[in-house]
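S.K.: Return atomic coordinates for the entry below.
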Amino acid sequence: MVDHTVRLERMIENDQKRQKQTLYPTFGFIALFIIYFMTTEVLLLLPIILVGQFPMLYKSWHRMKLLLTFNDDARYQQKVRSEFGLAVGNLVFLLLLITSSMLGWITLLTFIIVIIVGLITFMTLGFRIDRELKTIDPEHVTGTELSKAQLERRTRKTS
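M.R.: Down below sits the predicted model:
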């Protein structure tokens, strides 16, 4: 097993690296969609959502690969994979929801209610998996710990 502080440093480095890797493709996609929308005057929600989700899915994939190197316990690895499965499930949920909305199968009110309930569900499941990972492996770096460490690092750089 890897020490908590070493894990934290590796995860911060991983996040910074993935942020840089996804930055240019995201700007490229946004530019293409702006050009497309300006020429056709058709606003499609599906491509806009996908532009935001694919970089997150890419980062989640690399987070999963990194977390799998920290602990060989089968339960830990299964929970890490289920955390990535949750990210994939989130993307599928949004795709199905937007597609059904575009096809007119649901109303705007139903769409908003399902989005709110879905986001709460996915966030709750994400926190629960993170907590279970911490229970299985006390050295696990939770999302909250990672966010705090990144925030502290940014404030130290600006000071």
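S.K.: mind listing what Arg63 touches?
M.R.: Met11, Asn14, Asp15, Phe84 (Cβ atoms under 8 Å, 6 or more residues apart in numbering). Backbone N, C-alpha and C define where each C-beta goes, glycine included.
S.K.: quick one, longest helix in this structure?
M.R.: Criterion DSSP state H: the longest helix present in the chain is helix 4-40.
S.K.: What's the mean pLDDT across that helix?
M.R.: Here helix 4-40 scores 82 as its mean pLDDT.
S.K.: Which positions in stretch 146-157 come out as buried?
M.R.: Within stretch 146-157, the residues that qualify as buried are Leu146, Ala149, counting by 16 or more other Cβ atoms under 10 Å.
S.K.: for stretch 64-79, same thing?
M.R.: Those would be Met64, Leu66, Leu67, Phe70, Asn71, Tyr76, Gln77, Lys79, for stretch 64-79 by 16+ other Cβ under 10 Å.
S.K.: Assign a three-state SS to the closest residue to the third one other than its chain neighbours, would you?
M.R.: In other words, Leu67. In space, Leu67 comes closest to Val80 once its chain neighbours are excluded; the distance is 4.5 Å by Cβ to Cβ, 6 or more residues apart in numbering. Assigned with DSSP: H, G, I helix; E, B strand; the rest coil, Val80 falls in the helix class.
S.K.: On the pLDDT front, check Val80 for me.
M.R.: 95.
S.K.: ok now do it, which residues does it touch?
M.R.: When contacts are counted by Cβ under 8 Å, 6+ apart, Val80 touches Met64, Leu67, Leu68, Leu133.
S.K.: Distance check, it against Leu108.
M.R.: 37 Å (Cβ to Cβ, to the nearest Å).
S.K.: Okay then, goodbye and thanks.
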